[in-house]
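# just the structure for this:
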Amino acid sequence: MTMSRDELLRVGDTLRLGKADWVYADRSMTVRVADIRYGLDQEQSQVVGVIATVVAGGRDGRMVAIAVYKSALTRPGVVERPRPVNGVDRNTEAHEH
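Sure thing, here's the model as predicted:
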């Protein structure tokens, strides 16, 4: 089963990353995705480059540029999606027109 780009990762998602989930990792950390830079739309890429804010993991509040393994994004519990406001998911609403 393949996932669309929006199903795999979106801006605003929270990622709970272990040391094996991102390239050159020196610790586990939780980050909130601010921007997706590369790799998400490239099927052959094994990583997705993101700019994120650390929300837990010793560097809270700092911005980081990290490469996250796509395989980690498909594991349960790694990607936490914000709840839609009033039951409306603005990311999918734009694609339905």
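# and residue 18, how many neighbours?
Residue 18 has 13 neighbours, counted by other CB atoms under 10 Å. No exception for glycine: its C-beta is placed from N, CA and C like everyone else's.
# same check, this time on residue 8
Look at residue 8: counted by other CB under 10 Å, it has 16 neighbours.
# report the beta-bridge partners for residue 49.
residue 38, residue 67 (DSSP bridges).
# give me the helix or strand of the protein that scores worst on average pLDDT.
helix 90-93 (a mean of 54; mean pLDDT, DSSP states H and E).
# neighbours around residue 54, how many?
Neighbour number of residue 54 under other CB under 10 Å is 17.
# identify the residues contacting it.
29-31, 60-64 (CB atoms under 8 Å, 6 or more residues apart in numbering).
# what's the closest of those to residue 76?
Of all those, residue 30 has the smallest distance to residue 76: 15.5 Å, by CB to CB.
# contacting residues around that closest one?
14-17, 54-57.
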